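> pasting the sequence and the predicted model now:
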Amino acid sequence: MAFYRSQVLPRLVDRVLGTPDIGNWRAEAAAGLHGRVVEIGFGSGLNVEHYPAEVEAVLAVEPAAVAMKLARKRIATSRVAIEHVGVDGQSVPMAGESCDAALSTFTLCTVAHPAAALSEIFRVLRPGGTLHFLEHGISPDPRVAAWQRRLEPLQRLLAGGCHLTRDPATIVTRAGFQLGRCDHAYAKGPKPWSYLTLGVAEKPR
C-alpha cells in the first residue's frame with residue numbers, strides 16, 4: 001500500500017483530475033488570483049497553466065515527491081516563479097500575512113485536518129486576501145449523498161484519505177473566512193465523485 005500511495009496514486013490523480021472539463025473548472029477557480037499566492041495541494045501542477053497574469057509568484061505546498069516530479073515540465077514552462085516551500089498544508093513554513101491570495105483545488109477533501117490547513121492559510125494571508133477553492137464534496141441529493149457515505153471508506157483507502165462527504169463551503173466559513181462567490185454543480189463523471197464547489201472567500205480586513 002505504501003508503494004501504491006507514493007508511486008501510483010499521484011500518477012492516477014494527475015490523469016483523473018487533468019481532464020479538459022476539470023481544466024475549465026480550474027481556470028474559473030484561479031481567476032482573480034494576484035501577487036504572491038500560496039497553493040496548498042499543488043500536486044502535479046495542473047493549475048499552472050491557469051494562473052492569471054497578475055500572479056507574481058506561487059509558493060507550493062505538496063507532500064508527494066512523485067507529484068512534484070510530474071510537475072517539473074509544467075513549472076519549467078510557467079511564466080510565474082514557482083517555489084516548493086513545504087510538504088504539509090497544516091503547518092506552512094511562511095511568515096504571517098505574507099501572501100495576497102491562496103489556492104486550494106481538490107485538497108480539503110484529503111488533508112487530515114482541514115480546519116488546521118485553513119487556519120494556516122488564514123494566518124499567511126494579508127487582511128483582505130482571498131482564498132480561491134475548488135473542491136468536491138457532499139451532494140445535496142439524498143440519493144447521491146447516501147452512495148457517497150457508502151463509498152467513502154473505500155474511497156479513503158484507495159485515494160489517499162480522500163473524503164466524499166465533506167462540505168467545503170462550511171469548512172471554509174468555519175475557519176473565519178467571509179464567503180463571497182460560491183457555485184455548486186456536477187462536473188462530468190459519476191455523481192458521487194463529481195459534485196463540485198467553486199468559491200472565493202476573503203480574510204476579513
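Arrived safely, thanks for sending. Just so it is clear, the model here is predicted, and its values are computed rather than measured.
> give me the most central residue, the protein.
The geometric centre of the chain, computed from its C-alpha atoms, lies nearest to Thr105 (Cα atoms, centre = their mean), at 2.2 Å.
> and for the closest residue to Arg5 other than its chain neighbours, the neighbour number?
By the measure of Cβ to Cβ, 6 or more residues apart in numbering, the closest residue to Arg5 outside its immediate chain neighbours is Gly160, 5.7 Å from it. C-betas here are computed from N, CA, C, even on glycine. Applying the criterion other Cβ atoms under 10 Å, we find 18 residues in the vicinity of Gly160.
> about what we covered before: got a pLDDT number for the closest residue to the residue nearest to the centre of the chain other than its chain neighbours?
Counting by Cβ to Cβ, 6+ apart, the nearest residue to Thr105 once its immediate chain neighbours are dropped is Leu134, at 4.4 Å. At Leu134, the pLDDT value in this model is 98.
> buried ones in the helix or strand containing Leu134, by neighbour count?
Here Leu134 is covered by strand 125-136, with elements defined by DSSP states H and E. Residues of strand 125-136 classed as buried under the neighbour-count rule (16 or more other Cβ atoms under 10 Å) are 125-126, 129-136.
> next one: stretch 100-115
Residues of stretch 100-115 classed as buried under the neighbour-count rule (16+ other Cβ under 10 Å) are 100-111, 114.
> coming back round to it: now do the SS call for the residue nearest to Arg5.
Three states are possible here, and by DSSP: H, G, I helix; E, B strand; the rest coil the one that applies to Gly160 is coil.
> with Pro153 instead?
Strictly by three-state DSSP, Pro153 counts as helix.
> that one: neighbour count?
The local packing of Pro153 (other Cβ under 10 Å) involves 10 other residues.
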